[in-house]
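Asker: quick one: sequence plus predicted model below, questions after.
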Amino acid sequence: MLKITNTHKGPRGVNAVIGPVLLDPDQTIEVEVYVREQEHIEASGWFEISGEYKANPGLTERPSMNDDIFANKDAEIAELRKQLAAKSGGDSERDDLKKQADELGVEYAKNIPTEKLKELVDAKLAE
(Lines give C-alpha, C1' and ligand atoms only; values in the text may rest on other atoms or scores of the structure.)
Protein backbone atom coordinates (compact mmCIF):
# COMPACT_ATOMS: atom_id res chain seq x y z
CA MET A 1 0.00 0.00 0.00
CA LEU A 2 1.27 3.48 -0.88
CA LYS A 3 0.73 6.71 0.94
CA ILE A 4 0.68 9.42 -1.74
CA THR A 5 0.55 13.18 -1.19
CA ASN A 6 0.01 15.65 -4.03
CA THR A 7 2.71 18.29 -3.57
CA HIS A 8 1.77 20.23 -6.71
CA LYS A 9 -0.41 23.38 -6.81
CA GLY A 10 -3.11 21.76 -8.93
CA PRO A 11 -5.05 18.50 -8.87
CA ARG A 12 -3.07 15.49 -10.09
CA GLY A 13 -3.98 11.88 -10.73
CA VAL A 14 -2.41 8.46 -10.34
CA ASN A 15 -3.36 5.13 -11.84
CA ALA A 16 -4.20 2.95 -8.87
CA VAL A 17 -5.19 -0.70 -8.85
CA ILE A 18 -8.82 0.42 -8.43
CA GLY A 19 -8.49 2.86 -11.37
CA PRO A 20 -7.59 6.54 -11.78
CA VAL A 21 -7.51 8.52 -8.54
CA LEU A 22 -7.47 12.34 -8.47
CA LEU A 23 -5.70 14.12 -5.61
CA ASP A 24 -6.27 17.78 -4.80
CA PRO A 25 -3.27 19.92 -3.75
CA ASP A 26 -1.82 18.73 -0.42
CA GLN A 27 -4.27 15.81 -0.31
CA THR A 28 -2.93 12.48 0.97
CA ILE A 29 -4.42 9.07 0.20
CA GLU A 30 -3.52 5.46 0.84
CA VAL A 31 -3.98 3.32 -2.23
CA GLU A 32 -2.55 0.25 -3.97
CA VAL A 33 -0.53 1.03 -7.11
CA TYR A 34 1.16 -1.49 -9.40
CA VAL A 35 4.95 -1.37 -9.81
CA ARG A 36 4.47 -0.64 -13.52
CA GLU A 37 3.23 2.86 -12.55
CA GLN A 38 6.21 3.67 -10.31
CA GLU A 39 8.43 5.19 -12.99
CA HIS A 40 5.68 7.53 -14.22
CA ILE A 41 4.57 8.63 -10.77
CA GLU A 42 8.07 9.32 -9.50
CA ALA A 43 9.21 11.02 -12.74
CA SER A 44 6.34 13.52 -12.53
CA GLY A 45 7.72 15.09 -9.35
CA TRP A 46 4.17 15.86 -8.24
CA PHE A 47 3.91 13.46 -5.32
CA GLU A 48 5.48 12.54 -2.02
CA ILE A 49 5.38 8.77 -1.75
CA SER A 50 5.92 6.27 1.03
CA GLY A 51 5.15 2.58 1.26
CA GLU A 52 5.43 -0.24 -1.24
CA TYR A 53 4.06 -0.74 -4.72
CA LYS A 54 1.95 -3.80 -5.47
CA ALA A 55 3.45 -6.48 -7.72
CA ASN A 56 2.23 -6.34 -11.30
CA PRO A 57 -0.52 -8.84 -12.10
CA GLY A 58 0.56 -12.00 -13.91
CA LEU A 59 -0.36 -12.77 -17.47
CA THR A 60 -3.53 -14.72 -17.93
CA GLU A 61 -3.59 -17.82 -20.05
CA ARG A 62 -5.05 -17.42 -23.49
CA PRO A 63 -8.67 -18.47 -23.81
CA SER A 64 -9.34 -22.03 -24.85
CA MET A 65 -11.00 -20.67 -27.98
CA ASN A 66 -7.51 -19.75 -29.21
CA ASP A 67 -6.39 -23.35 -28.72
CA ASP A 68 -8.96 -24.39 -31.32
CA ILE A 69 -7.79 -21.68 -33.70
CA PHE A 70 -4.16 -22.73 -33.30
CA ALA A 71 -5.03 -26.41 -33.72
CA ASN A 72 -6.84 -25.61 -36.99
CA LYS A 73 -3.89 -23.57 -38.20
CA ASP A 74 -1.49 -26.38 -37.30
CA ALA A 75 -3.60 -28.82 -39.32
CA GLU A 76 -3.72 -26.37 -42.24
CA ILE A 77 0.07 -25.91 -42.12
CA ALA A 78 0.58 -29.68 -42.04
CA GLU A 79 -1.63 -30.07 -45.13
CA LEU A 80 0.25 -27.33 -46.97
CA ARG A 81 3.56 -28.98 -46.10
CA LYS A 82 2.21 -32.27 -47.44
CA GLN A 83 1.17 -30.57 -50.68
CA LEU A 84 4.56 -28.89 -50.98
CA ALA A 85 6.36 -32.19 -50.46
CA ALA A 86 4.23 -33.79 -53.17
CA LYS A 87 4.92 -30.90 -55.51
CA SER A 88 8.63 -31.06 -54.77
CA GLY A 89 8.59 -34.71 -55.75
CA GLY A 90 7.02 -33.67 -59.06
CA ASP A 91 9.69 -31.02 -59.53
CA SER A 92 12.49 -33.56 -59.20
CA GLU A 93 10.81 -35.60 -61.96
CA ARG A 94 10.71 -32.44 -64.07
CA ASP A 95 14.37 -31.75 -63.34
CA ASP A 96 15.23 -35.30 -64.38
CA LEU A 97 13.26 -34.86 -67.62
CA LYS A 98 15.03 -31.57 -68.37
CA LYS A 99 18.41 -33.19 -67.78
CA GLN A 100 17.48 -36.12 -70.03
CA ALA A 101 16.14 -33.77 -72.74
CA ASP A 102 19.37 -31.74 -72.62
CA GLU A 103 21.46 -34.91 -72.98
CA LEU A 104 19.34 -36.02 -75.94
CA GLY A 105 19.52 -32.58 -77.58
CA VAL A 106 15.78 -31.98 -77.32
CA GLU A 107 14.87 -28.31 -77.55
CA TYR A 108 12.04 -27.08 -75.32
CA ALA A 109 10.67 -23.87 -73.84
CA LYS A 110 11.54 -23.18 -70.20
CA ASN A 111 7.85 -23.03 -69.30
CA ILE A 112 6.91 -26.26 -71.08
CA PRO A 113 4.44 -28.40 -69.11
CA THR A 114 6.00 -31.50 -67.56
CA GLU A 115 3.71 -33.83 -69.51
CA LYS A 116 4.66 -32.20 -72.83
CA LEU A 117 8.37 -32.43 -71.93
CA LYS A 118 7.89 -36.13 -71.15
CA GLU A 119 6.28 -36.63 -74.58
CA LEU A 120 9.22 -34.93 -76.33
CA VAL A 121 11.76 -37.04 -74.42
CA ASP A 122 9.80 -40.25 -75.13
CA ALA A 123 9.55 -39.35 -78.82
CA LYS A 124 13.31 -38.74 -79.00
CA LEU A 125 14.01 -42.07 -77.27
CA ALA A 126 11.66 -43.84 -79.71
CA GLU A 127 13.64 -42.60 -82.76
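Answerer: Structure's in. What do you need?
Asker: my guess is Phe47 contacts Arg12. True?
Answerer: Yes. Using C-beta atoms under 8 Å, Phe47 is in contact with Arg12, at 7.1 Å. The C-beta positions use only the backbone N, C-alpha and C, and glycine is treated the same way.
Asker: residue ranges for the strands of this structure, please.
Answerer: Using DSSP state E, the strands of the chain run over 2-6, 12-16, 19-23, 28-31, 47-51.
Asker: quick one on the thing from earlier: shared neighbours of Phe47 and Arg12, anything?
Answerer: Residues within reach of Phe47 and of Arg12 at once, by C-beta atoms under 8 Å, 6 or more residues apart in numbering, are Asn6, Leu23.
Asker: where does pLDDT dip in the protein?
Answerer: For the chain, the stretches flagged by pLDDT under 70 are 59-71, 87-91.
Asker: measure the closest residue to Val35 other than its chain neighbours to Leu22 for me?
Answerer: Using C-beta to C-beta, 6 or more residues apart in numbering and skipping the chain neighbours, the partner closest in space to Val35 is Tyr53 (4.4 Å). Separation of Tyr53 from Leu22 (C-beta to C-beta, to the nearest Å): 19 Å.
Asker: who's more crowded, these two?
Answerer: Tyr53 (17 against 11; other C-beta atoms under 10 Å).
Asker: so that one is in contact with His40, correct?
Answerer: No. Using C-beta under 8 Å, Tyr53 is not in contact with His40; the gap is 11.6 Å.
Asker: for the protein, which segments count as helices?
Answerer: Per DSSP state H, the chain carries helices over the ranges 38-44, 64-104, 114-126.
Asker: for these, give me JSON lines that also has distance to Met1 and mean neighbour count.
Answerer: Output for the helices of the chain, formatted as JSON lines (distance: least, C-beta to C-beta, whole Å; neighbours: other C-beta atoms under 10 Å):
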{"stretch": "helix 38-44", "distance to Met1": "14", "mean neighbour count": "12"}
{"stretch": "helix 64-104", "distance to Met1": "35", "mean neighbour count": "11"}
{"stretch": "helix 114-126", "distance to Met1": "75", "mean neighbour count": "13"}
